[in-house]
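K.L.:
Below: sequence and its predicted model.
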Amino acid sequence: MSNFNDIINSEKPVLVDFFATWCGPCQMLLPILNQVKEILQDRITIIKIDVDKNQELAQKHQVRGVPTMMLFQEGKQLWRQSGVLAKEEIIKIILDKTNSK
């Protein structure tokens, strides 16, 4: 997935959600990420990666459980966490990790 690398090399922060369609917590995270995008709008790119369809990419990034979120900027991983977080927590992490750049 070469365009994955193009996306995460962006100057704009990119939140990657590694998920699976069969995963209950992943389904819970979907509306939360939609709210995060609504609030941050153009300040963030959010992409979803289905681990079942992108096993090689999931392995490369050592995704052991879903959902796993990773925050990238200019190709560097700034943060990662597995599990569901509240919208406020995700926004705070994104702002904390990217405003320092």
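P.N.:
That came through fine. If you're wondering where the values come from, they're calculated on a predicted model, not measured in any experiment. Numbering: from 1, shown residues only.

K.L.:
contacts, neighbours, all on C-alpha from now
P.N.:
Fine.

K.L.:
So for the helix or strand hosting Ile94, mean pLDDT?
P.N.:
Per DSSP states H and E: Ile94 is located in helix 87-99. Averaged across helix 87-99, pLDDT comes to 95.

K.L.:
For it, give me every contacting residue.
P.N.:
13, 32-33, 35-36, 40, 71, 73, 78-79 (C-alpha atoms under 8 Å, 6 or more residues apart in numbering).

K.L.:
Swap in 6 Å and give it another go.
P.N.:
Helix 87-99 is contacted from outside by Ile32, using C-alpha atoms under 6 Å, 6 or more residues apart in numbering.

K.L.:
Buried residues in that helix, which are they?
P.N.:
Of all the residues in helix 87-99, those buried under the rule 16 or more other C-alpha atoms under 10 Å are 87, 90-91, 94, 97-98.

K.L.:
close enough to count as contact, Gly83 and Pro67?
P.N.:
Yes: using C-alpha atoms under 6 Å, Gly83 makes contact with Pro67 at a distance of 5.4 Å.

K.L.:
Please consider this matter closed, and thank you.
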